[in-house]
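[1] build me a model:
(2 chains)
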Protein chains: 2
Amino acid sequence: MAQQDRAIRTRRSILEAAAAVFDERGYNSATVGEILTRAGVTKGALYFHFTSKEDLALGVLDAQLAVGPFPDQSSKLQVLVDQGMVLAHRLRHDPLVRASTGLALDQGALGINRGTPFESWVAQNEDMLRQAKEQGELLPHVNLRETAELFTGAFAGVQTMSHVLCDRADLDHRISVLLSHVLPSIAVPAVLARLDMAPDRGERIYAEIEALQEK
Amino acid sequence: MAQQDRAIRTRRSILEAAAAVFDERGYNSATVGEILTRAGVTKGALYFHFTSKEDLALGVLDAQLAVGPFPDQSSKLQVLVDQGMVLAHRLRHDPLVRASTGLALDQGALGINRGTPFESWVAQNEDMLRQAKEQGELLPHVNLRETAELFTGAFAGVQTMSHVLCDRADLDHRISVLLSHVLPSIAVPAVLARLDMAPDRGERIYAEIEALQEK
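    Below is the predicted model of the structure:
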């Protein structure tokens, strides 16, 4: 293995260890020592890649949204649904995604600019809503920004509740319920009738995304 | 002032100080020393009322939902809306309510059973939805428990986002947006058309509640 590959792997394993520790203990309670132990690397290796606990947290936050392109759909609202359902699926299965969301919500992590993950997520939702509007998929009263922000905030709260109550075991189902309650207020009936918001939608679409990337 | 009155006031001022410190710093970062300083009481006085930081947090959580009876409305969905809008209003203006919600969401506060505030809130929503169903206000497909849980989780997330982005300055508006996106999926049209979900609804109803209590 080339030296550069080894450095990339080390960096990744440190980030995964940091993610797991942040997820379990919260940002403020986590220590660099715990992350070192979990990652099984030397102090020197860790500080080669990250200068501080905050730097580790920023690395985890950066890793959040990295996922391959979504399969195109004739309905842009379906893509919006797919983005939400895939995130729900990844939150259950990827510790980096879990920790990143936790950091964005962790009231203790005041050293970090916590607005940023919300804002990039709102922007992504707003962009997809705009495309849906251009195709005539939205009811005329919809305010793109308000709806994008509502989706983001409501998703974050539903995932927190699922985390607290059952360690996210029912998250796919809860996000499906959220979408089923909100889409009827924004989609024209002909589009609404064809949307797939089933709880296993995220798992199916994520498998498609991964298959596309392997090609 | 009788000794008992003085004790009740001291307890209340300690709780308010604890609430403010938890709200600003998060549960894990907060110290009993800071709470002492903020409350301006002696260590002896604090430990007379509360045995530990966790005990203080439980006291704050207990204070959350205490509010007088809501004005009755012919529509039970209007009462559900009112409960949400009044909570949004109180979150902006009452540090005990703010801190209690924060504790329920604070990922760091693992020593506390964080499920409880969600559960009492879900139960309250479900009860109101059941009354609405009995009066024929709900569309036939509504699952009372799912919708009650969705309201609770979505509300919590929307308030977290408002807290992070602008210290809750726009919370009334954001909760009004949430309700406007969800009610059309659960209310029969004749009820929906008459619901008041305006951003200032919480302030108006809270004033009514306070006026009723003063009688």
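[2] tell me the centre residue of chain A?
    Nearest residue to the geometric centre of chain A (CA atoms, centre = their mean): A:Leu87, 4.8 Å.
[3] could you check how far that residue is from A:His93?
    To A:His93, A:Leu87 is 11 Å away according to CB to CB, to the nearest Å. Glycine gets a C-beta too; all of them are placed from N, C-alpha and C.
[4] now A:Ser75: how far from B:Gln73?
    A:Ser75 sits 38 Å away from B:Gln73, going by CB to CB.
[5] those two: which is more packed in?
    A:Ser75 (20 against 15; other CB atoms under 10 Å in any protein chain shown).
[6] just checking, the more buried one touches A:Ala132?
    Yes. Using CB atoms under 8 Å, A:Ser75 is in contact with A:Ala132, at 7.4 Å.
[7] which residue does chain A have closest to chain B?
    Residue nearest to chain B within chain A: A:Gly157 (2.0 Å; CB to the nearest CB).
[8] just the pLDDT for A:His141.
    You'll see A:His141 listed with a pLDDT of 95.
[9] hmm, which helix or strand of chain A has the shakiest average pLDDT?
    helix A:95-105 (a mean of 78; mean pLDDT, DSSP states H and E).
[10] circling back to that earlier point, quick check: pLDDT value at the residue of chain A closest to chain B.
    On pLDDT, A:Gly157 comes in at 90.
[11] report the contact partners of it.
    B:153-160 (CB atoms under 8 Å, 6 or more residues apart in numbering or on different chains).
[12] between those residues, which is nearest B:Leu15?
    B:Gln159 (20.6 Å; CB to CB).
[13] tell me the angle whatever helix or strand that closest one lives in makes with helix A:95-105.
    Per DSSP states H and E, B:Gln159 falls inside helix B:144-166. Angle, helix B:144-166 to helix A:95-105, by axes from the mean of the first three to the mean of the last three CA atoms, to 10 degrees: 70 degrees.
[14] mind listing what's buried along the helix or strand that comes right after helix B:144-166?
    Sequence order places helix B:171-182 as the next helix or strand after helix B:144-166, per DSSP H and E. In terms of neighbour count (16 or more other CB atoms under 10 Å in any protein chain shown), helix B:171-182 has its buried residues at B:171-172, B:174-182.
[15] how about A:Asp72, secondary structure?
    coil (DSSP: H, G, I helix; E, B strand; the rest coil).
[16] what's the spacing between it and A:Arg130?
    16 Å.
[17] who's more crowded, these two?
    Between A:Asp72 and A:Arg130, counting by other CB under 10 Å, A:Arg130 is the more crowded of the two (15 against 8).
[18] list the contacts of the closest residue to that one other than its chain neighbours.
    Among residues not flanking A:Arg130 along the chain, A:Leu144 sits closest, at 5.8 Å (CB to CB, 6 or more residues apart in numbering or on different chains). Residues counted as contacts of A:Leu144 (CB under 8 Å, 6+ apart) are A:126, A:129-130, A:133.
[19] now with 6 Å?
    Contacts for A:Leu144 (CB atoms under 6 Å, 6 or more residues apart in numbering or on different chains) come out as A:126, A:129-130.
[20] need the per-residue pLDDT for it.
    98.
[21] ok, A:Met1 next?
    57.
[22] so A:Ala17 sits against A:Arg38, correct?
    Yes. Counting by CB atoms under 6 Å, A:Ala17 does reach A:Arg38; the two are 3.9 Å apart.
[23] the more surrounded of the two?
    Under the neighbour definition other CB under 10 Å, A:Ala17 and A:Arg38 were set side by side, and A:Ala17 has more, 21 against 18.
[24] look up how far A:Phe50 lies from that one.
    Computed with CB to CB, the distance linking A:Ala17 and A:Phe50 is 11 Å.
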